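Participant: Structural data only, the sequence is not supplied:
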Ligand code: NAD
């Protein structure tokens with residue numbers, strides 16, 4: 001087994017430098033220092049990766065496998081991810097800056113994706129359609145072909161597994177372009193998959209920036225795109241896919257509401273609400289960033305603020321409560337929103353800037369921050385801050401809670417906390433979001449649950465069984481016959 005972090009492109013089963021020899025530095029977000037350098041894919045490398053995928057897609061070693069054998073490779077990958085959990089968690093924590101225990105949870109989620117879809121490989125098939133005597137009609141689900149996958153910086157390990165496992169389960173080949181800010185774990189998974197018997201070229205990994213992403217999204221050799229990232233980039237990716245008439249799954253941003261009624265179980269809700277917005281230093285698409293709290297539930301806000309004040313900050317590998325943000329750019333962007341909030345009269349209930357601890361000065365840290373007093377249409381309540389920043393809004397009744405909750409261009413996740421079943425189900429039915437959690441935040445690793453956005457949070461669904469449709473084509477076969485008797 002290979003254990004060194006891979007630093008080159010993974011194309012056709014081999015590590016290779018970029019065609020032009022370009023590289024980029026990968027920084028440790030906890031210190032701002034260079035961890036390593038990684039080959040930077042450009043358009044010629046994307047061409048090579050797509051060519052390798054196309055060849056692998058049609059080769060007997062992959063196309064000729066029976067579904068249970070395909071599934072077994074995925075299950076072996078799941079097992080190997082678990083066997084190497086420490087190494088992978090440390091790599092993810094170092095590269096992204098996330099607390100080690102969160103990185104371990106990401107490793108388990110990655111293993112679960114391969115396990116879940118490995119188990120599905122021999123169970124996902126077509127149907128027969130009754131047409132009467134002399135006709136047999138059946139559908140086949142064929143792999144759509146080469147899937148181009150572009151992922152962001154915040155959950156590279158999970159996102160690698162989330163897109164590639166279902167695509168591979170159905171029999172596709174994949175070209176994956178990780179973010180230049182977090183390329184290490186996707187490369188590690190690509191190598192690990194080879195070790196588990198995935199044929200060369202079936203999963204190619206080409207870290208690079210927007211140029212490589214655009215080259216992949218618009219490549220005439222791909223049959224489908226799965227994009228996870230910001231709305232602005234998603235729009236460009238969708239345009240490129242449209243020009244080639246290939247489908248795109250878009251997993252975009254969020255501004256997820258957390259509705260807390262006064263009758264909620266605060267003990268249960270409090271750690272979940274805090275983890276949702278402060279986990280991964282707030283860099284989570286589904287983070288509950290708007291706390292919409294019933295007017296009589298001020299105690300909940302007080303307890304949450306007290307909880308936030310106790311949270312520790314530090315390098316991910318020290319396993320604090322909150323690690324650094326991914327980059328100075330991301331930290332500065334989030335700080336810009338804090339400045340705007342202040343100048344628009346927000347009350348800063350806790351946090352509000354960089355930590356004063358000199359030991360953290362060179363890292364990209366922000367304190368966990370709770371704001372209140374901003375109108376529902378303020379940019380902090382409508383745009384992604386993508387930092388550990390929670391904004392508190394108040395409601396008088398369920399109708400007002402819903403109005404505030406839906407007052408955003410996004411619709412990814414949403415959370416409701418109440419003991420009142422009528423309020424819970426009524427609100428859940430009216431929230432414009434792809435996922436609603438009632439008295440829960442995530443269930444296990446959530447691999448089984450369809451995930452995706454309403455409104456500007458995206459198109460299509462990942463996770464669950466729903467995502468399999470994105471990686472398959474339905475072919476209908478209609479056969480006329482004369483049995484002769
Ligand atoms: P981003 O849009 O800047 O980049 C995402 C990926 O697209 C990166 O790999 C980047 O290199 C690539 N890219 C950039 N320009 C491109 C172009 N013109 N064509 C093709 N690819 C291009 O996003 P980010 O800052 O890396 O990640 C944060 C965003 O991702 C947030 O908006 C967050 O909500 C979103 N996100 C969504 C989900 C989800 O499942 N819905 C999950 C995680 C993150």
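Facilitator: Cool, got the structure. In this text the structure is predicted, and so the values were computed from the model without any measurement.
Participant: Now name the helix or strand holding the residue of the chain found nearest the ligand.
Facilitator: In the chain, the residue that lies nearest the ligand is residue 213 (2.2 Å; CB to the nearest ligand atom). Glycine gets a C-beta too; all of them are placed from N, C-alpha and C. Secondary structure assignment for residue 213, by DSSP states H and E: helix 210-217.
Participant: got a list of contacts for that helix?
Facilitator: Here helix 210-217 makes contact (CB atoms under 8 Å, 6 or more residues apart in numbering) with 40-43, 45-47, 49-50, 148, 150, 175, 177, 206, 222, 225, 227, 233, 236-237, 240-241, 248.
Participant: and the ligand, which of the residues you listed contact it?
Facilitator: Subset of those in contact with the ligand: 150, 177, 233, 236-237, counting by CB under 6 Å from any ligand atom.
Participant: quick check: mean pLDDT across the longest helix along the chain?
Facilitator: Counting residues, the longest helix in the chain under DSSP state H turns out to be helix 100-120. For helix 100-120, mean pLDDT is 98.
Participant: shaky segments in this protein?
Facilitator: Along the chain, the model assigns pLDDT under 70 to residues 1-5.
Participant: residues in it within reach of the ligand, list them.
Facilitator: Contact residues (CB under 6 Å from any ligand atom) of the chain with the ligand: 150-155, 177, 179, 209-210, 213-214, 217, 228-230, 233, 236-237, 251-254, 285, 384, 412, 458.
Participant: what about burial for those, which qualify?
Facilitator: 150-155, 177, 179, 209, 213-214, 217, 228-229, 233, 236-237, 251-254, 285, 384, 412, 458 (16 or more other CB atoms under 10 Å).
Participant: Quick one: mark the members of the residues you listed that sit in helices.
Facilitator: Short answer: these in helices (DSSP H) are 213-214, 217, 233, 236-237.
Participant: now, among those residues, which is nearest to residue 313?
Facilitator: Nearest to residue 313 among these is residue 233, at 29.2 Å by CB to CB.
Participant: Correct me if wrong: the closest one contacts residue 227.
Facilitator: Yes: Residue 233 is within contact range of residue 227, at 7.2 Å (criterion: CB atoms under 8 Å).
Participant: Now the most centrally placed residue in the chain: closest residue in space that isn't a chain neighbour?
Facilitator: Nearest residue to the geometric centre of the chain (CA atoms, centre = their mean): residue 159, 4.8 Å. Excluding its sequence neighbours, the residue lying closest to residue 159 (CB to CB, 6 or more residues apart in numbering) is residue 151, at 4.0 Å.
Participant: Then residue 333?
Facilitator: residue 386 (7.1 Å).
Participant: does the one you found sit in a helix, a strand or a coil?
Facilitator: coil (DSSP: H, G, I helix; E, B strand; the rest coil).
Participant: How about residue 334?
Facilitator: With three-state DSSP as the criterion, residue 334 reads helix.
Participant: what sits against the closest residue in space to it that isn't next to it in sequence?
Facilitator: For residue 334, ignoring the flanking residues on the chain, the nearest one in space by CB to CB, 6+ apart is residue 387 at 3.0 Å. Remark: with contacts taken as CB under 8 Å, 6+ apart, residue 387 is in contact with 281-283, 325, 330-331, 333-335, 337, 366, 369.
Participant: Ok, residue 358 next?
Facilitator: Taking CB under 8 Å, 6+ apart as the test, residue 358 contacts no residue whatsoever.
Participant: Ok, residue 49 next?
Facilitator: Neighbour list for residue 49: 9, 11-12, 41, 175, 204, 206, 216 [criterion: CB under 8 Å, 6+ apart].
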